[in-house]
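Peer 1: Need coordinates for the below:
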Amino acid sequence: MVKSSPKNYAFPAFSALLILLTGIMGGATNAFDSNVVGALAEVRSQRPEFEAALASLTHLGGGVTLIGAATLGALALLLRKQFRECLFLILSTVGARFMIELVKFVVERPRPAFDEHPVYTTNFSFPSGHAGNSMATFLALAWFLSPPEQRKPMMVVGVCASLVIGMTRPVLGVHWPSDIIAGWAFGALWVWLMVKISERGAGAA
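Peer 2: Numbers count the residues shown, from 1 in each chain. Below is the predicted model of the structure:
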């Protein structure tokens, strides 16, 4: 039996700690969060054209785009008869979305309210669904859909895309920075877990 090295669990441990700390310390009572969002609200009020561009960009992290991309990825895997990869792509994307919503309703962190939100919001703030779901979807697509030799560069592209989407949210005043950090960490951690389960299942088979 091969023993796992402690360093193999450094990433999930760090991600879980990051989620915990941002959940406890972030929000309206956190000076960093409130100062950043307040300053960005002033910038946004002076640059309406900038706000409109970011409002369009942030929709790339919305449900329609991400669910559509995951559906196309799952169909491609089915056509390749890669049924295990298809299953874990679905678990990675749908599972992350469900868990993020669950955490939102457990934590019940209010969204920033410095001014009227320029984009539509419906639920609580922590963690960011746009940041978390985009990270989970892009990483899952990169891992389960790409050939092994192309996984790393595709994952880098996915991470960069999620970072850009996530950063639009505090600028638009709909999330605290800590929400975004937790969302990124949550999405990456969830996909890490799905990959490990998938690999263990493949090894057992």
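Peer 1: okay, CA-based contacts and neighbour counts for the rest of this
Peer 2: Noted.
Peer 1: List the buried residues in stretch 122-138.
Peer 2: Buried residues in stretch 122-138, counting neighbours by 16 or more other C-alpha atoms under 10 Å, are found at 124-138.
Peer 1: so how far is that stretch from its chain's centroid?
Peer 2: 5 Å (C-alpha atoms, centre = their mean, to the nearest Å).
Peer 1: tell me the contacts of the most centrally placed residue in the chain?
Peer 2: The centroid of the chain falls nearest to Gly132 when counting by C-alpha atoms, centre = their mean (1.6 Å). Counting by C-alpha atoms under 8 Å, 6 or more residues apart in numbering, Gly132 touches 96-97, 100, 180, 182-188.
Peer 1: How about it, nearest residue that isn't a chain neighbour?
Peer 2: Nearest residue to Gly132, sequence neighbours excluded (C-alpha to C-alpha, 6 or more residues apart in numbering): Gly183, at 3.9 Å.
Peer 1: helices and strands around whichever strand or helix holds the one you found, which ones?
Peer 2: Using DSSP states H and E, Gly183 maps to helix 177-204. Counting contacts by 3 or more C-alpha pairs under 8 Å, 6 or more residues apart in numbering; DSSP states H and E, helix 177-204 packs against helix 10-25, helix 31-46, helix 83-107, helix 129-145, helix 151-171.
Peer 1: List the buried residues of the last one.
Peer 2: If you call a residue buried by 16+ other C-alpha under 10 Å, then helix 151-171 has these buried ones: 151, 154-155, 158-159, 161-171.
Peer 1: coming back round to it: select from the contacts of Gly132 the one having the most neighbours.
Peer 2: Gly187 (33 neighbours; other C-alpha atoms under 10 Å).
Peer 1: any idea how far it lies from Val107?
Peer 2: Distance, Gly187 to Val107, by C-alpha to C-alpha, to the nearest Å: 17 Å.
Peer 1: For this protein, name the helix or strand with the lowest mean pLDDT.
Peer 2: The weakest-scoring helix or strand in the chain, judged by mean pLDDT, DSSP states H and E, is helix 48-58 (a mean of 82).
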